[in-house]
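Q: sharing a sequence plus its predicted fold:
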Amino acid sequence: MSTTTEDSVPQLKLDATIGFAGDVPGGLIVHPDRQNVIYPLGCTVIIQDIVSSKQSFLSGHTNDVRCLAVSKSGKYLASGQVTHMGFKADVIIWDYASRSKYCKLTLHKVKVEALAFSPNDLYLVTLGGQDDASVVVWNIAKKDAICGSPAGVQSAGITYCVKFANNNDNLFFTGGDDTLRVWELDVANRKIRPTDVNMGQLKRVVKCIEVKDDDEFFYCGTTSGDILAINTKTCLFQFFGPEKDKFSLGVSAMALLKNGQILVGGGDGTVAVVKQGVNKKDKKPTFKREKTTKIEHIGGIRSLALRGDGHQFYVGTEKAQIYRFNFTEFTYELIRSCHFAAVRDIVFPSKTSELFATCSMEDIRVWHADTGKELLRITVKNQVCNAIDFMPDGKSIVSAWGDGKIRAFTPESGNSMYVVNDAHSKGVTAIACTSDGRRIISGGGEGQVRVWDVTPSYQTLVEAMKEHKASVTCIKVSRDNSECVTASSDGTCIIWDLQRFVRNQVLFANTLFRCVNYHPEGHQVITSGTDRKIGYWEVYDGSQIRELDGSKSGAINGLDISVPDGNFFVTGGDDKLIKVWNYNDGVVTHVGIGHSGDIAKLKICPNQKHIVSVSTDGAILRWRYPHGQ
C-alpha cells in the first residue's frame with residue numbers, strides 16, 4: 001500500500017482482470033520465451049503467464065491501445081494508441097524484463113496503426129492512422145526518430161500494416177488500400193526510400209503481411225480472401241491464391257510456419273493451413289488449402305500467435321475469445337473468454353463471494369471470482385441486458401432487457417425459467433428482488449416502477465407506480481422489504497412504501513441520478529449521478545444531510561456500501577477511477593487506477609475481500625478491498 005497518487009491517497013491493488021481487446025489486429029502475441037502471452041485491454045497491456053495465469057500490467061497510455069509488437073529477441077515490447085482528433089498519439093516502448101517503460105515516442109497524430117521491430121532490435125518502425133498517414137523509423141538505443149515519410153502516394157488509400165524483413169535491419173514492407181511498398185532505410189543520410197510493388201491489373205486491400213524466413217518473398221493477406229506472393233528483390237507481384245476457394249470476409253490474420261506453410265485466419269472465423277501448389281490448368285503457382293476448421297459465432301479472427309515453432313498456437317477473435325490450437329490434430333479449446341461489448345451490471349449471489357454474474361450486449365455470464373473462468377453464458381441474440389439480480393435463494397437469475405421483457409434463468413444450466421412479456425413499454429432498465437424472494441421490482445425506460453409477484457409457474461403484476469418522468473436507473477430494496485428506493489434520470493429519487501404502493505418521500509437534485517443505496521442500518525440513503533456529487537439523505541423526511549464532491553470530472557455511475565457495518569463505500573464513474581470512501585468522515589481512503597473505459601457498476605464482494613468493477617470497454621477488474629476483515 002505504499003504507492004500514492006497526487007493527492008497522496010494509497011492506491012488499490014489490482015489482483016486480476018477479465019478482458020481482452022479482440023478487435024486489435026495482431027493484438028495477441030506469444031512472447032519468444034514461450035511462457036507468456038501479451039494482449040491489450042483498453043489502455044493497459046497485459047502480460048499473462050500461460051501456465052499459472054499470473055498477470056502483470058503495463059499502464060502508461062492515455063487511451064485505447066490499438067497495436068502491439070514484440071522484438072525478435074523478446075527484450076522490448078511496443079504499443080501504440082489512439083487519441084482524440086487534433087492530439088498526438090503515443091508509442092511506448094517497454095522493457096520486457098523489468099516490466100517498465102523504456103521510452104515514450106510522440107509524433108503521429110490521432111492514431112498509431114501498426115508497429116514493427118527490426119530483426120536485431122536496432123529500429124522500430126511506426127505507421128500512423130488515416131489522419132496521419134506517415135511512416136516513421138526510430139532508433140531504439142537513442143530513443144529518437146531517424147526519419148519519416150508519407151506512407152503512400154496521394155491517390156492511395158489507408159496503409160494498414162507494416163513488417164520488417166527477417167535478416168535485414170534496413171528493409172521493411174507496408175501494405176494497405178491499393179498500396180503495397182518495399183522500403184529501404186538509409187541511416188547515413190537519414191532517409192527511407194520506397195519502391196511501389198507493381199501489381200498489374202490486380203487491385204487489393206492488404207490487411208496483414210508475413211515475410212519468408214530467407215526474405216526472398218513476402219506474403220500479403222487481403223480483404224478479397226486471397227494471399228499475394230511478392231518477390232522482395234524485384235518488387236514484382238509473383239502469384240496469388242487460392243483462386244476458387246477464397247476466404248470468406250477476407251484474410252484477417254496470418255502466421256508463417258517453419259515448413260513454409262502459411263497459417264491463415266479468416267474474417268468469418270475460419271482457421272486454415274495453406275501451402276504453395278500448382279494450378280492444374282495453366283501450371284502457374286498458387287496457394288491451396290491443406291487443413292481447415294471454422295469456429296462459429298466468434299466474429300473474425302484478428303490474431304494468430306505461434307508458440308515456439310507452431311506445434312501449438314493461439315487464436316484471438318473479434319468477440320474477445322482466446323483459443324489454443326493443437327497443430328497436428330488441428331483441434332482447439334477455449335482458454336479465455338470475456339465480454340466484447342460494454343458491461344452494464346455486476347452482481348454477487350446472496351452471501352457468496354466465489355461467483356459473480358455480469359451482463360452485456362446479448363448475454364449474461366457467470367464467472368468464478370478467483371480464476372476469472374467463465375462458468376456459464378446465457379445468450380439472447382440481438383438484445384441488450386441492462387440489469388441483473390440473483391434471487392436470495394440463488395435458484396434463479398432475473399434480468400432486465402431492452403426489449404421490455406424480464407427473463408429469469410437457472411444459474412447452473414442457464415435454462416429459461418420464465419419470461420414476463422411487455423413488462424415495460426420502453427425497455428426494462430433496472431431490477432431488484434426482495435429478500436424473501438417472492439417479489440421483483442422493475443423500472444422501465446418510460447419511468448414506471450412495477451412490482452411483480454413471482455413463482456416459477458406464474459408471474460403477476462401487483463402494482464404499477466407512476467411518478468418518475470424519465471427512465472429508472474437504479475432500484476434498491478430495504479432490509480425488511482417494507483420500502484424501496486428508485487433513482488431516475490429525471491432528477492428525483494423516490495422512496496416507495498411496498499405495503500401501500502405509494503410514495504413515502506421524494507429527493508430532488510439538479511442531476512440525472514445514476515445510483516442509489518441504503519445504508520445497512522436503513523435510516524439513510526446515499527445517491528450520486530451526473531453532477532459528480534455524492535448525497536447523504538434521511539429516509540424518514542427526505543432531507544439532505546451532506547454533499548461530497550465525488551469526482552473532479554465525469555458522472556458517477558456505480559456505488560456500493562460495505563455490509564454489514566456500512567463504514568465504507570466505493571464509487572466509480574466516467575473519470576475511470578475507483579474510490580473507497582469512509583462513510584462517516586466523507587474522505588477518500590484509497591484510489592484504484594486501471595480502467596480505460598467509463599466504469600458502469602461496481603460491487604464489494606460479500607466476504608469483503610475484493611471489489612469487482614465493470615466498464616464500458618468490456619473489462620472486469622478485481623481489486624483487493626483495503627478494509628477487509
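A: Received, thanks.

Q: surely Val614 meets Gly597?
A: No. Judged on CB atoms under 8 Å, Val614 makes no contact with Gly597 at a distance of 9.2 Å. C-beta: built from backbone N, CA, C; applies to glycine.

Q: neighbour count winner among those two?
A: Neighbour comparison, Val614 and Gly597: the larger count goes to Val614, with 30 against 20 (by other CB atoms under 10 Å).

Q: secondary structure element for that one, which one?
A: Using DSSP states H and E, the element containing Val614 is strand 610-615.

Q: so for Val485, what pLDDT did the model give?
A: pLDDT recorded at Val485 is 95.

Q: just how off-centre is the helix or strand encompassing it within its chain?
A: Here Val485, judged by DSSP H and E, is contained in strand 483-488. Going by CA atoms, centre = their mean, to the nearest Å, the spacing between the C-alpha centre of strand 483-488 and its chain's C-alpha centre is 31 Å.

Q: now do stretch 415-426
A: Taking mean C-alpha positions (CA atoms, centre = their mean), stretch 415-426 and its chain are 29 Å apart.

Q: re earlier: which helices and strands sit right next to the strand holding Val614?
A: Under the contact criterion of 3 or more CB pairs under 8 Å, 6 or more residues apart in numbering; DSSP states H and E, the helices and strands touching strand 610-615 comprise strand 345-347, strand 577-582, strand 599-604, strand 620-624.

Q: contact partners of the third one?
A: Surrounding strand 599-604, the residues in contact under the criterion CB atoms under 8 Å, 6 or more residues apart in numbering are 342-348, 356, 557-563, 570-574, 576-578, 610-616, 625.

Q: can you tell me which of these are buried?
A: The neighbour-count test (16 or more other CB atoms under 10 Å) marks 342-348, 356, 557-562, 570-574, 576-578, 610-616, 625 as buried among the contacts of strand 599-604.

Q: start to end distance for stretch 261-278?
A: Between the start and the finish of stretch 261-278 there is a gap of 14 Å, counting by CA to CA, to the nearest Å.

Q: average pLDDT for that stretch?
A: Stretch 261-278 shows a mean pLDDT of 92 in the predicted model.

Q: then stretch 556-575?
A: Looking at stretch 556-575 alone, the average pLDDT works out to 92.

Q: with just CA atoms, put it into CSV.
A: Taking Å, rounded to 0.1, in the frame of the first residue of the first chain, the C-alpha atoms of stretch 556-575 are listed here in CSV:
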residue,chain,number,x,y,z
ILE,A,556,-20.5,8.7,-11.0
ASN,A,557,-22.3,5.6,-12.3
GLY,A,558,-21.7,3.0,-9.6
LEU,A,559,-21.8,2.9,-5.8
ASP,A,560,-21.8,0.2,-3.2
ILE,A,561,-21.7,0.1,0.6
SER,A,562,-19.8,-2.4,2.7
VAL,A,563,-22.2,-4.8,4.5
PRO,A,564,-23.0,-5.3,7.4
ASP,A,565,-21.0,-2.4,9.0
GLY,A,566,-21.6,0.4,6.5
ASN,A,567,-18.4,2.1,7.4
PHE,A,568,-17.1,2.3,3.9
PHE,A,569,-18.4,2.7,0.4
VAL,A,570,-16.9,2.6,-3.1
THR,A,571,-17.7,4.7,-6.2
GLY,A,572,-16.8,4.6,-9.9
GLY,A,573,-17.7,6.5,-13.0
ASP,A,574,-16.6,8.4,-16.1
ASP,A,575,-13.3,9.5,-14.5
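
Q: what separates it from the chain centre, distance-wise?
A: The chain centre lies 23 Å from the centre of stretch 556-575; the measure is CA atoms, centre = their mean.

Q: do the same with stretch 502-515
A: When C-alpha coordinates are averaged (CA atoms, centre = their mean), stretch 502-515 and its chain have centres 33 Å apart.

Q: and the contacts of that stretch?
A: Identification of contacts with stretch 502-515 by CB under 8 Å, 6+ apart yields 465, 467, 470, 473-474, 483, 487-497, 525, 527-531, 533, 535, 537, 539-542, 544, 555-559, 573.

Q: can you select the buried ones among those for me in ChimeraX?
A: When burial is assessed using 16+ other CB under 10 Å, the buried subset of the contacts of stretch 502-515 is captured in ChimeraX by this command:
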select :465,467,470,473,474,483,487,488,489,490,491,492,493,494,495,496,525,527,528,529,530,531,533,535,537,539,542,555,556,557,558,559,573
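
Q: and the next element down the chain from the strand holding Val485?
A: Following strand 483-488 in sequence order, the next helix or strand is strand 492-497 (DSSP H and E).

Q: which SSE is Val125 in?
A: When the helices and strands are read off by DSSP H and E, the one containing Val125 is strand 123-128.

Q: likewise Asp132?
A: Here Asp132 is assigned to no helix or strand, by DSSP H and E.

Q: how many residues are close by Ile545?
A: Other residues within reach of Ile545 by the criterion other CB under 10 Å amount to 10.

Q: let me fix that, I meant to ask about Gln505.
A: Using other CB under 10 Å, Gln505 has 19 other residues around it.

Q: that one pairs with what?
A: Ile495 (DSSP bridges).

Q: for Gln544, see how far away it is.
A: Gln505 is 11 Å from Gln544, where distance means CB to CB, to the nearest Å.

Q: please apply the same query to Arg624.
A: The gap separating Arg624 from Gln544 is 33 Å, by CB to CB.

Q: what about Arg377, neighbour count?
A: Neighbour count of Arg377, defined by other CB under 10 Å: 12.

Q: swap that for Asp389, sorry
A: 23.

Q: reformat the helices and strands packed on strand 610-615 as a markdown table; add distance to Ser52.
A: Putting these into a markdown table (distance: least, CB to CB, whole Å) gives the following:
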| stretch | distance to Ser52 |
| --- | --- |
| strand 345-347 | 26 |
| strand 577-582 | 26 |
| strand 599-604 | 26 |
| strand 620-624 | 16 |
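
Q: quick one: what helix or strand has the nearest residue to Ile158 once chain neighbours are set aside in it?
A: Closest residue to Ile158 apart from its sequence neighbours, by CB to CB, 6 or more residues apart in numbering: Gln130 at 4.6 Å. Here Gln130 is covered by no helix or strand, with elements defined by DSSP H and E.

Q: what about Gln130, distance to Ala255?
A: In this structure, Gln130 and Ala255 are separated by 26 Å, where distance is defined by CB to CB.

Q: ok, Gly447 next?
A: Distance from Gly447 to Ala255, counting by CB to CB: 53 Å.

Q: just Tyr96 next, same as before
A: 21 Å.

Q: and Val472, by the same measure?
A: Looking at Val472 against Ala255, where the rule is CB to CB, the gap reads 50 Å.

Q: between the two, tell me which one has more neighbours.
A: Summary of the neighbour comparison: Val472 and Ala255, criterion other CB under 10 Å, with Val472 having more neighbours (30 against 19).

Q: which residues in the stretch 401-550 of the chain form strands?
A: Assigned strands in the stretch 401-550 of the chain, in chain order: 406-409, 416-420, 428-433, 439-444, 448-454, 459-466, 472-477, 483-488, 492-497, 502-508, 513-518, 524-529, 533-538, 544-549 (criterion: DSSP state E, counting those that start in this stretch).

Q: quick check: buried residues in the shortest one?
A: So the one you mean is strand 406-409. Within strand 406-409, the residues that qualify as buried by neighbour count (16+ other CB under 10 Å) are 406-409.

Q: what average pLDDT does the strand ranked longest in the chain get?
A: As far as residue count goes, and with DSSP state E defining each element, the longest strand of the chain is strand 374-390. Throughout strand 374-390, pLDDT has a mean value of 93.
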